[in-house]
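Visitor: Sequence isn't available, so here's the structure alone:
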């Protein structure tokens, strides 16, 4: 058995495929377990999924799911390292496909840990992909109370177009600051809850099994290879698909909501540090650019890069479960792992747009997802 064997669950996905290729270039032997979901890979992955096609002939590929004990058992054979990426990832969708998200994200992780607890194996390290969604709303500084962690916004306020967060007893405006790993965990979506439980299970169970756990709370990951099929997640891919189809970019709320966008290569580099560095053992890290970028800036930049004449339409509509702001404080990962993002948003989005222009134009399913969420009471 090689000492450099790595299993990547969800390894044909966006992060997984990039990670697999980088690990192979470093001499690792990679196995991928992935169900090739049509939501991510399209109806014919063998013909139309650049993610899957980029790794198909370079890894040991198992088409299967983390919800299947047999598939997991086959995938674990001979592995020393597991990078657990397999998960459903749509924040809005998770609010009405509750059982499915719980089954895959929590149930699949539980099955994986069950097998490692009862079967003989060689696994010595698990790196789990957590999410900034575990924090819910970001961290703020209040003149009156110091650091505060706002609760989910009241729908009555959002209905009136008042989208900023509020904290009882704070009269002065809140100042957004970076969310560090010690910040309050209070997810506002089913997706965020499942990532919290997934992370906590890995970090709690693995030491008992003499397996080293590492968790990374990824911010909004983007870059070349991001699925253009999936209308439920990935604001850059959703906006880009609309633009290349000649459709206006629809902006929720007032467009001032912000996120931390982290380029795929920086995410891969951080993950490999989690595999190779003992300083990562038993630790949880934020991974982001460490800079907030608002949605209006995202839309404006994409339209300019595509040289398109479509418009941004700010609707004032909103999704229940969405947060207002969040960006990562990277102090811990910089100090412990010497990690610093190499890609700025401006540089990364240029690379992303160049890649999108080289791809086959996909159908724009955004309106379908809006109708679906509206029927479910999520989109207002």
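Guide: Structure received. If you're wondering where the values come from, they're calculated on a predicted model, not measured in any experiment.
Visitor: Distance from the chain centre to the helix or strand harbouring residue 369, please.
Guide: Taking DSSP states H and E as the definition, residue 369 sits inside helix 366-375. Using CA atoms, centre = their mean, to the nearest Å, the mean C-alpha position of helix 366-375 is found 21 Å from that of the whole chain.
Visitor: packing partners for it?
Guide: In terms of contacts (3 or more CB pairs under 8 Å, 6 or more residues apart in numbering; DSSP states H and E), helix 366-375 is packed against helix 91-94, helix 235-244. Every C-beta, even on glycine, is put in place using the N, C-alpha and C of the backbone.
Visitor: Of all those, which one is nearest residue 82?
Guide: Nearest to residue 82, of all those, is helix 91-94, at 23.7 Å by CB to CB.
Visitor: Give me the residues contacting that closest one.
Guide: Helix 91-94 is contacted by residues 88, 101, 133, 189-192, 194, 232-233, 319, 321-322, 369, 373, 378-379 when judged by CB atoms under 8 Å, 6 or more residues apart in numbering.
Visitor: low-scoring stretches of this protein, by residue?
Guide: Counting by pLDDT under 70, the chain contains low-confidence ranges at 1-3.
Visitor: go with 90
Guide: 1-3, 37-53, 90-93, 226-234, 319-321, 359-374, 376-380 (pLDDT under 90).
Visitor: which residues sit against the helix or strand containing residue 20?
Guide: For residue 20, the host element (DSSP H and E) is helix 14-25. Here helix 14-25 makes contact (CB under 8 Å, 6+ apart) with 6, 8-11, 30, 32, 34, 40, 51-52, 54-55, 58-59, 83, 85, 129, 218, 221, 223, 225-227, 264-265, 267-268, 271-272, 275.
Visitor: Can you select the buried ones from those residues in ChimeraX?
Guide: With 16 or more other CB atoms under 10 Å as the burial test, the buried ones among the contacts of helix 14-25 are selected in ChimeraX as follows:
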select :6,8,9,10,11,30,32,34,40,51,52,55,59,83,85,129,218,221,223,225,226,227,264,265,267,268,271,272,275
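Visitor: Return the subset of the contacts of helix 14-25 lying in strands.
Guide: Using DSSP state E, 6, 8, 9, 30, 32, 34, 83, 129, 218, 221 are the members of the contacts of helix 14-25 that sit in strands.
Visitor: Verify the stated contact: the fourth one with residue 9.
Guide: No: taking contacts as CB atoms under 8 Å, residue 30 lies outside contact range of residue 9: 11.8 Å.
Visitor: can you tell me how far residue 48 sits from residue 211?
Guide: 37 Å (CB to CB, to the nearest Å).
Visitor: Just want to know which of those two has more residues nearby.
Guide: Remark: of residue 48 and residue 211, residue 211 carries more neighbours, 19 against 15, as counted by other CB atoms under 10 Å.
Visitor: the strands in the stretch 251-380 of the chain, which residues?
Guide: 258-259, 261-263, 284-287, 293-294, 312-314 (DSSP state E, counting those that start in this stretch).
Visitor: Just put the ones you listed in CSV and tack on mean neighbour count.
Guide: Below are the strands of the stretch 251-380 of the chain laid out as CSV (neighbours: other CB atoms under 10 Å):
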stretch, mean neighbour count
strand 258-259, 22
strand 261-263, 26
strand 284-287, 25
strand 293-294, 17
strand 312-314, 15
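Visitor: To residue 72, which of those strands lies closest?
Guide: strand 284-287 (23.7 Å).
Visitor: tell me, how many neighbours does the residue nearest to residue 330 when sequence neighbours are not counted end up with?
Guide: Closest residue to residue 330 apart from its sequence neighbours, by CB to CB, 6 or more residues apart in numbering: residue 290 at 4.4 Å. Residues within reach of residue 290, counting by other CB under 10 Å, total 19.
Visitor: any idea how far residue 290 is from residue 334?
Guide: Using CB to CB, one obtains 9 Å as the distance from residue 290 to residue 334.
Visitor: Equivalent analysis for residue 206, please.
Guide: Between residue 206 and residue 334 the computed distance is 25 Å (CB to CB).
Visitor: what about those two, which has more around it?
Guide: residue 206 (22 against 15).
Visitor: ok but that one is inside a helix, no?
Guide: Yes: the assignment for residue 206 is a helix, going by DSSP: H, G, I helix; E, B strand; the rest coil.
Visitor: Show the contacting residues for it.
Guide: Shown in contact with residue 206 (CB under 8 Å, 6+ apart): 113, 126, 212, 213.
Visitor: Please apply the same query to residue 110.
Guide: By CB under 8 Å, 6+ apart, the residues touching residue 110 are residue 201.
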